[in-house]
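Participant: Here is my input; please provide its structure:
(chains A, B and C)
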Amino acid sequence: MCIKDSDHIPLLKVKSISRYYGRRIGCRGIEFELWPGEVLGIVGESGSGKTTLLNCISGQLEPSEGAVWYASNGGVIDMCVAPEPQKRLVMRTEMGTVYQNPRDGLRMHVSAGGNIGERLMANGLRHYGQVRRKALNWLEKVEIDSERIDDTPTTFSGGMQQRLQIARNLVTGPRLIFMDEPTSGLDVSVQARLLDLLKSLVTELDLSMVMVTHDLAVTRLLAHRLIVMKGGKAVESGLTDQVLDDPQHPYTQLLVSSILQP
Amino acid sequence: MKKQFNRQSETGGGRSSVMEGYNFAYLDEQTKRMIRRTILKAVAIPGYQVPFGSREMPLPYGWGTGGIQITASLIGSEDILKVIDQGADDTTNAVSIRRFFSRTAGALTTTRTREATIIQTRHRIPETHLTKDQIIVYQVPIPEPLRFIEPRAKEVCRMHALKEYGIMFVKLYEDISRHGRIAKAFDYPVLVNDRYVMSPSPIPKFDNPKMDRMPALQLFGAGREKRIYAVPPYTKVKSLDFEDYPFEVERWPHCCALCGSGNSYLDEIIMDDRGSKMFICSDTNHCNERVARGHKGNQEEPVEKAQISIGTGARKCA
Amino acid sequence: MKHMVDVDKLNKNFFLHTQGEAKIPVFRDFGLELKPGESVALVGPSGVGKSTLLRLLYGNYKTGSGKILVSHDGGSVNLSGADPHTILHIRKWTIGYVSQFLRVIPRVPAIQVVMEPMRGRGASEEVSRDLAGKLLSRLRIPNRLWSLSPTTFSGGEQQRINIARGFIATYPVMLLDEPTASLDPDNTETVVEIIKEAIGMGTSIIGIFHDEDIRNRLASRCIEIQPINNHTCSE
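Facilitator: Next up is the predicted model:
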């Protein structure tokens, strides 16, 4: 039996990240490691600093303190101090971000094919036929009818827009995906389809993912580990099932006991 | 030799007609110095849009205020100016600007491409090859090629700074997926010196290849947008394209009806209410010179159903 | 001989902060040793903490104090206080767990659910699908159900999916929480066979079996868990 996996070093090392908005705290002293193939859920109520944290570690917001070490293909870099060109190169080749609102993550007046192809072309692909083929391939993977390749996302349903965002991000074969409430705003049957898709893509492509959500049921199904945030701080963290089944902190207990069971 | 140039007969002709009360070439010397510094910077960074303190000109925006300011800051008493608008020397814009410089600078003007030292242009590059002793000044309405795809100015600046031009190719991709080819026919984006993506101003893409390694200095002025950029002599200018959809210029199945030219950019002229058409050179100077040399077109027979074809369709012309 | 699992001085209390800071003690100085190839049944009255113990051993519940040493990857790892990454690694390769509940993403086909542990270990789609198919057939899940989501299945069918998922990969240690509850006699028999085969291949088992007959057939010894103190072992 081969127990040794390829994951000897963490993909992401978040070192004591804090972000202040003036005197208010966005998030404070957050630390974690993310290993290849792992899905980390960040949960908490609105205003708990989840999105601030996500933006800090995904390079979209500069943290006030701390470091984010990312083991890129070209070696470990600190995302907080890396030169802009290097950071952006890593962000558009090895990372991806799926936003809660598809309008933030898609070009709404560019066709589905163009949306998927953008990162390929940004990375130097200059062959229309190949861009087109890859776009078709990814539409199929995210279960969007290939006939919609030339339609703009404005004509898509909410679930399709989210799946298009995923395709747009995954087309360059990234290793790390950030998701901000990817399933909120979708009705439950569409949510399930998206979760299923994400789960299989995570396994198939050995993706790592950091996912912000307030939906504990979603994290149970997708996340290996959880960080529970309150008032900008991590009040509890650990394996998803351990945090949900044996919550230690009063706030986590409150959160878990507040879930509605259908 | 200078005597043969047109000294603006409509204003009384010659340098003596320079208007009183204005500085040479309208702009004050400090402003011209500022613009020349901007031009130097633009030349140093080919294709990069340099901001400058664009002045109010006695012409409305859209009439070439950017180009006029560049010309004003460069023109000297020994210069000979040619101004074209859509290739023609005799349209309102061209006539007005020539008149402007002859009245404010007493400039010598010409319609002959070969004789000009400064050529200010709107929407065309002359058919005649430009030389290293000439400067061509383009009037630019919108200098930012990424504007229509990425509306955030800050993000656009970042894209230029980091050479992230994927989005430009998204535009071309969209064209091909919608029209089966890159449909952009004018203001076709180019990559200058392998570094900056640049708008060549609304010239037809037919003229794009002329920009590549052109011996003349190319300057671009956008008055309303307050930007100047440049392509120094002999600089590589590549029209963006895909490997499987290479850049191509438009070709016509016919020749100029006046001079019979088979390799110039043609304008379609509607002849009557029945829709009969004629195709003639857009570059009037080029056409006139050919006619003067004895070339003839078949102007008796207007082309009925003319179609512009893309590709290398051969023409048999005079 | 080295133990597969070695529980020493285990303490576990539940604190219910939202219910008046109630403290519920479950284990005090509990100890247990599991030798290779051994099959141990946990016995005791309902609510005494049998399932809790399995969950502690799986890292699903957090240990209060004490040690849970697991033989893993050629060494010995203390589950209590291990980082999540290590626990996931242990779950992937060393400890399997068949719970009474099936938690799956809606819409994922049953066969995919069963294949997942193999896929997680890096086995190919074909190999995993083949193994899953064999197990499902053996457990009498009709072919037409394989491509459907188990969320719509009956309790017994869900339980068998759970068992197939638990036994598709071989683990040195298996934790079984009433694997045969809600199964008919034929299927119960099959499950007992599957467990016996696993034991035959060297898997050590800690299980909860309510049915005395099944317990006698599968377990080599019983550990009686008593309310709070005085945990004793009996044959």
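
Participant: Wait, C:Gly166 touches C:Gly96, no?
Facilitator: Yes: if you go by Cβ atoms under 8 Å, C:Gly166 and C:Gly96 touch, sitting 5.3 Å apart. C-beta here means a position set from N, CA and C on the backbone, and glycine is covered the same way.

Participant: overlap in contacts of these two?
Facilitator: Common neighbours of C:Gly166 and C:Gly96 (criterion: Cβ atoms under 8 Å, 6 or more residues apart in numbering or on different chains): C:Met174.

Participant: ranges for the helices of the chain?
Facilitator: With no chain named, the answer covers chain A. With DSSP state H applied, chain A shows helices at A:50-57, A:84-93, A:102-105, A:112-122, A:128-141, A:158-170, A:188-205, A:216-222, A:240-245, A:250-257, listed in chain order.

Participant: wrong chain, I was asking about chain B
Facilitator: According to DSSP H, chain B carries its helices in the segments B:29-44, B:65-74, B:92-104, B:153-161, B:166-179, B:208-211, B:284-292.

Participant: likewise chain C?
Facilitator: C:50-57, C:84-93, C:110-120, C:125-138, C:155-167, C:185-200, C:212-218.

Participant: Could you save those as CSV and add columns showing distance to B:Thr284?
Facilitator: Formatted as CSV, these follow (distance: least, Cβ to Cβ, whole Å):
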stretch, distance to B:Thr284
helix C:50-57, 89
helix C:84-93, 76
helix C:110-120, 72
helix C:125-138, 70
helix C:155-167, 81
helix C:185-200, 92
helix C:212-218, 101
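
Participant: Include distance to chain A, mean pLDDT and mean neighbour count when you put those into CSV, please.
Facilitator: As requested, the helices of chain C are arranged in CSV below (distance: least, Cβ to the nearest Cβ, whole Å; pLDDT from 0 to 100; neighbours: other Cβ atoms under 10 Å in any protein chain shown):
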stretch, distance to chain A, mean pLDDT, mean neighbour count
helix C:50-57, 7, 93, 23
helix C:84-93, 5, 91, 20
helix C:110-120, 6, 91, 23
helix C:125-138, 9, 94, 17
helix C:155-167, 14, 93, 23
helix C:185-200, 14, 93, 16
helix C:212-218, 24, 91, 15
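
Participant: looking at those helices, which is closest to chain B?
Facilitator: Ranking the helices of chain C by proximity to chain B (Cβ to the nearest Cβ) places helix C:125-138 first, at 32.8 Å.

Participant: which residue packs closest to A:Gln161, ignoring adjacent ones?
Facilitator: Excluding its sequence neighbours, the residue lying closest to A:Gln161 (Cβ to Cβ, 6 or more residues apart in numbering or on different chains) is A:Pro102, at 3.6 Å.

Participant: re earlier: so of the helices of chain B, which one's packed in deepest?
Facilitator: helix B:65-74 (a mean of 26; mean count of other Cβ atoms under 10 Å in any protein chain shown).

Participant: Give the other helices and strands that it contacts.
Facilitator: On a contact count with 3 or more Cβ pairs under 8 Å, 6 or more residues apart in numbering or on different chains; DSSP states H and E, helix B:65-74 meets helix B:29-44, helix B:92-104, strand B:118-122, strand B:135-139, strand B:217-222, strand B:227-231.
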